[in-house]
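Enquirer: Structure for this input, please:
(chains A, B, C and D)
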There are 2 protein chains.
Amino acid sequence: MPRSVDVARLAGVSQKTVSRVFNDEPYVSADVRRRVLDAAEQLGYRLNNAARALASGRTRSIGVVALGTALYGPASLLLGIERAARDTGYALRVVSTAEGDPAGVTGAVSSLLDQGVDGIVISEPIDDGPVPVEVDVPVLVLGAPPAFAAPRVVSASVNAHDMAWAATEHLLDLGHATVHHVAGPRRWFAAKDRLDGWRAALAARDAAEPPVFEGDWSAGSGYQAGRQLPADATAVFAANDDMAIGLIRALTEAGRKVPEDVSVVGFDDVPVAAYITPPLTTVRQPFDSVAREGLALLVHAMEKPGQALPVTDRRQVDLIVRASTAPPPA
Amino acid sequence: MPRSVDVARLAGVSQKTVSRVFNDEPYVSADVRRRVLDAAEQLGYRLNNAARALASGRTRSIGVVALGTALYGPASLLLGIERAARDTGYALRVVSTAEGDPAGVTGAVSSLLDQGVDGIVISEPIDDGPVPVEVDVPVLVLGAPPAFAAPRVVSASVNAHDMAWAATEHLLDLGHATVHHVAGPRRWFAAKDRLDGWRAALAARDAAEPPVFEGDWSAGSGYQAGRQLPADATAVFAANDDMAIGLIRALTEAGRKVPEDVSVVGFDDVPVAAYITPPLTTVRQPFDSVAREGLALLVHAMEKPGQALPVTDRRQVDLIVRASTAPPPA
DNA sequence: GTGAAAGCGCTAACAC
DNA sequence: GTGTTAGCGCTTTCAC
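Expert: Sure, this is the predicted structure:
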C-alpha cells in the first residue's frame, strides 16, 4: 500500500503538503494540489484511517445502537441514520441489542466506545434503567427522553403523543363512545408515548378509559388482543400496524366486520397498510426526517461543543384515513 | 484517557505485558494478569483501537454494503450479519446503496476500503455490471453469484431456485393448469433465481408459461399486477409477500375470491403473512442462517487465507401452506 | 504557501 | 514468562 510519503516524493513536495491536500486545508496552490492529486491517483493512494485517527484523536465515525429487530420502525430509523450520516461525511459503526440481553444498551455503548467513535446514536431505546457507562462523546437519543450521562445529550423524536391523540380523536369524531387500545410493551418509550396520547385524548372528551391490552408489536399479539376484545367495543387504536393487522384478522375470524362493526386505527403506515383488507387507517411516522434532524444535532454537538443547540420543533401529524374506520353501528 | 503505559506503571510491569493481557496472549502468569486487569479497571483503561489498527494492520472490523431499503428481506439479512459478526468478535461498519445511485456498490465498497476493513459483505446485490474497484480484502456476496475481483470471494444464499420451484409445484399439485408469476425487478439476482425456479417447475410439468409481470417488490406493484391478471388465471406465485398482498387486494376489489377463484403464493414469510386475509401460503427465507454461514466463510477467508473453504450446502425448503391456496374452481 | 520534526498508543520481533 | 526497541502512517506544531 502506498503511503503519503510515496505520493509526496512522486509529486515532488513534502509529506505535509500531501496531508494538506487530502484534508482540504487552505494554503495550497492550485498547481501543487493538482500534482499531488495526480500522483495519488497514479499510485492508487488511500488515506490510512487508523493512522489518521491515532494522530488526530478523531475517528470521523458515529456509533449506532440499533434494536435487533426487523420491525419496520427500527429498520427505517437505522436507514435514515445511515443516509444522514453519509451526507455529513461520517462513517457508521453499528451494534445491535437483542431484547432481553442482560448487557443491553450498556454493553452496546461500551463496545462502541472500545471501537472508538466521535458520537453515539441510541435508536428507540427501551427503558432499562440507568446506563452505568461513562460516555465521553456526545449522544443522540432517538425516540426517547435524553436520560443519559454524557457530556452532551441531544434527542429527536416524532411527536408520538399528539399522533396517538389524533388517531384516538379521529375515532371519537366518528361517533364512537370510546376507543380501546392495544399498546406496545410497557418498557418501550415509544409504547408509553402512544398510550399517554390515547389516554389524554379520551380524557379530553370525558370518554371512559377501557382496560389496555399490552402486546409485543407483533401481529400475533394483536391477534390475541382481538380475540379478547369485549363484544361491545366498536373502536380500537393499535400502537402499530402489525398489531392492527393481527387484530383485524381475529375480528374477521370472529365474524365481526371492519369497519362496519369495529373500527381500527394503526400506527406507522407500513408499506402494506394500504393494501390489506380493509385498507388501514393509520398515522405515518416520518422516520427519515427524525433521523436527519437528530443527526444534525449530534454532529453539531460533536463539532461545536461550546455552542447552543439548534432546536427543531416537530408538531406535524399525518393521519392517513383509509377504509378501516367508520361510524359505529347504529 | 489512560494509556497502556499508565496501566503498566500502576501494575508494576512493562507496557508490553499489558498488551499481552489485553490480547489474550499466552505466557502471562495468572498473578500478573490479575494485577494488570485490576490496574486497568482502576484507571478506566480502554484499548485504543486506532493505535492497534495502525500497528497491526488489522482493524478487526467488517464492512457491510447494505441495500438502502426497509424491505423485510434486506433488513433481516443485515440483522443476521450483525449478530453473526458480533459472535465472531468483529465490529461492523455499514454503508448503504440507494437504488439508482450512480456510484452504487462501487462507491460503497470504495468508502469501506477508505475506512479500513478486514473483510466486506455485499448483501443482496443488484446486477450492476462489473465493479471497477480493486479490493484487497476477502468479500462475501450474500444472495448472488460471487462475481467480484478480490483475493478471496465467498458467497452464501438461500436456494431460491428450489424454493420457487416448490411454490410453483404446490400450485400445480393442487390441480391448476398453470401458474402466473409476479416477478421482482429484473436487475436483482434474487428476482432472477425465483423466476428461473418458477419457469423450471412449469417446464417439468409441461405447463404453459404465461407472460411475466415485473413488479418492484412493493405491494403497490403487486396491486397493479392483480388488476392486469387475465380472467382465466387461477394461480399466481409472487416473488415476495408484499407483492402477494397487493395482488390479493386487487383481486378482492375485483370480486375474485382468494383462494376460491385464484390461489396466491408469496415468498419470504414476513411476520404479518399469517394474519392477513386470507392467511398467506408462502416460502420462508432462512435469513439468519444464511448470514451466519456466510459470515463464517468470510471470517475463515480473512483469518486463514491459505486454507480451503468449508463448504455448506443449503437444500432445505420451507413451504408454509396457509389459506391462500386451494384447488382451482371446478 | 510550504517543510521539518515530534509524537499519537499500540503491536511485532527479538532478546533475556 | 517478561522486557526492549522499533516502527505503523498519519496530524500537529512551529519554523521559514
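Enquirer: so where do the strands sit in the stretch 1-150 of chain A?
Expert: A:61-67, A:91-97, A:119-123, A:139-142 (DSSP state E, counting those that start in this stretch).
Enquirer: List the contacts of the last one.
Expert: Meaning strand A:139-142. A:77, A:81, A:119-125, A:146-148, A:150, A:152-157, A:290-291, A:294-295, A:297-298, A:301 (Cβ atoms under 8 Å, 6 or more residues apart in numbering or on different chains). Every residue, glycine included, has its C-beta placed from N, CA and C.
Enquirer: Recalculate using a threshold of 7 Å.
Expert: A:77, A:119-125, A:148, A:150, A:153-157, A:290-291, A:294-295, A:297-298 (Cβ atoms under 7 Å, 6 or more residues apart in numbering or on different chains).
Enquirer: for stretch A:315-330, same thing?
Expert: Stretch A:315-330 is contacted from outside by A:159, A:162-163, A:166-167, A:170-171, A:174-176, A:234-235, A:258-261, A:263-265, A:269, A:274, A:278-284, using Cβ under 7 Å, 6+ apart.
Enquirer: starting at the chain centroid, how far to that stretch?
Expert: 25 Å (Cα atoms, centre = their mean, to the nearest Å).
Enquirer: tell me the mean pLDDT over it?
Expert: Averaging pLDDT along stretch A:315-330 yields 94.
Enquirer: ok, now stretch A:205-216?
Expert: According to the model, stretch A:205-216 has a mean pLDDT of 97.
Enquirer: Which neighbours in the sheet does the helix or strand of chain A with the lowest mean pLDDT have, and how are they oriented?
Expert: Least confident helix or strand of chain A, by mean pLDDT, DSSP states H and E, is strand A:153-156 with a mean of 88. Strand A:153-156 has the following strand partners under DSSP bridges: strand A:139-142 (parallel).
Enquirer: Output the partner strand as CSV - backbone C-alpha positions only.
Expert: C-alpha atoms of strand A:139-142 as CSV (Å, rounded to 0.1, in the frame of the first residue of the first chain):
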residue,chain,number,x,y,z
VAL,A,139,-25.0,11.1,22.5
LEU,A,140,-28.2,11.4,20.4
VAL,A,141,-31.2,9.5,21.7
LEU,A,142,-33.8,8.9,19.1
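Enquirer: Please state the mean pLDDT value computed over it.
Expert: 91.
Enquirer: what's around residue A:129, how many residues?
Expert: 11 (other Cβ atoms under 10 Å in any protein chain shown).
Enquirer: how far does whichever helix or strand residue A:247 is part of sit from the chain's center?
Expert: Following DSSP states H and E, one finds residue A:247 within helix A:241-253. Distance of helix A:241-253 from its chain centroid, counting by Cα atoms, centre = their mean, is 25 Å.
Enquirer: now the angle from it to helix B:241-253?
Expert: 40 degrees (axes from the mean of the first three to the mean of the last three Cα atoms, to 10 degrees).
Enquirer: can you redo the strands of the stretch 1-150 of chain A as TSV with distance to DNA strand C and mean neighbour count?
Expert: Compiled in TSV, these are given as follows (distance: least, Cβ to the nearest atom of the strand, whole Å; neighbours: other Cβ atoms under 10 Å in any protein chain shown):
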stretch	distance to DNA strand C	mean neighbour count
strand A:61-67	17	25
strand A:91-97	18	23
strand A:119-123	19	26
strand A:139-142	22	27
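Enquirer: touching DNA strand D at all, the helix or strand where residue A:290 lies?
Expert: Assigned by DSSP H and E, residue A:290 belongs to helix A:287-303. No: Helix A:287-303 stays clear of DNA strand D (Cβ under 7 Å from any atom of the strand), getting no nearer than 12.8 Å.
Enquirer: And chain B, is that helix touching that?
Expert: No: Helix A:287-303 lies out of reach of chain B by Cβ under 7 Å from any Cβ of the partner chain, never closer than 8.3 Å.
Enquirer: now that helix against strand A:119-123, angle please.
Expert: Going by the same axes, to 10 degrees, helix A:287-303 makes 150 degrees with strand A:119-123.
Enquirer: Run through the residues that contact residue A:59.
Expert: Contacts of residue A:59 by Cβ under 7 Å, 6+ apart are A:53, A:116, A:117, A:118, B:50.
Enquirer: circling back to that earlier point, what comes up buried for the helix holding residue A:290?
Expert: A:287, A:289-302 (16 or more other Cβ atoms under 10 Å in any protein chain shown).
Enquirer: if we can go back for a sec, what helices or strands is whichever helix or strand comes after the least confident helix or strand of chain A leaning on?
Expert: Remark: after strand A:153-156, the chain's next helix or strand is helix A:160-173, criterion DSSP H and E. Under the contact criterion of 3 or more Cβ pairs under 7 Å, 6 or more residues apart in numbering or on different chains; DSSP states H and E, helix A:160-173 touches helix A:189-204, strand A:235-238, strand A:263-265, strand A:282-284, strand A:318-320.
Enquirer: Got the phi and psi for residue A:268?
Expert: phi 130, psi -50 (degrees, to the nearest 10).
Enquirer: what number of residues lie near the nearest residue to it once chain neighbours are set aside?
Expert: Closest residue to residue A:268 apart from its sequence neighbours, by Cβ to Cβ, 6 or more residues apart in numbering or on different chains: residue A:241 at 4.6 Å. Applying other Cβ under 10 Å, we find 29 other residues in the vicinity of residue A:241.
Enquirer: ok so, going back, export the helix holding residue A:247 to PDB, keeping only CA atoms.
Expert: Output of helix A:241-253 as PDB, limited to C-alpha atoms (Å, rounded to 0.1, in the frame of the first residue of the first chain):
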ATOM      1  CA  ASP A 241     -49.800  -1.500  12.100                       C
ATOM      2  CA  ASP A 242     -48.700  -5.100  12.600                       C
ATOM      3  CA  MET A 243     -50.800  -5.400  15.700                       C
ATOM      4  CA  ALA A 244     -53.700  -3.800  13.900                       C
ATOM      5  CA  ILE A 245     -53.400  -6.400  11.200                       C
ATOM      6  CA  GLY A 246     -53.400  -9.200  13.700                       C
ATOM      7  CA  LEU A 247     -56.400  -7.600  15.400                       C
ATOM      8  CA  ILE A 248     -58.400  -7.300  12.200                       C
ATOM      9  CA  ARG A 249     -57.600 -10.900  11.500                       C
ATOM     10  CA  ALA A 250     -59.100 -12.000  14.800                       C
ATOM     11  CA  LEU A 251     -62.200  -9.900  14.300                       C
ATOM     12  CA  THR A 252     -62.700 -11.200  10.800                       C
ATOM     13  CA  GLU A 253     -62.400 -14.800  12.100                       C
END
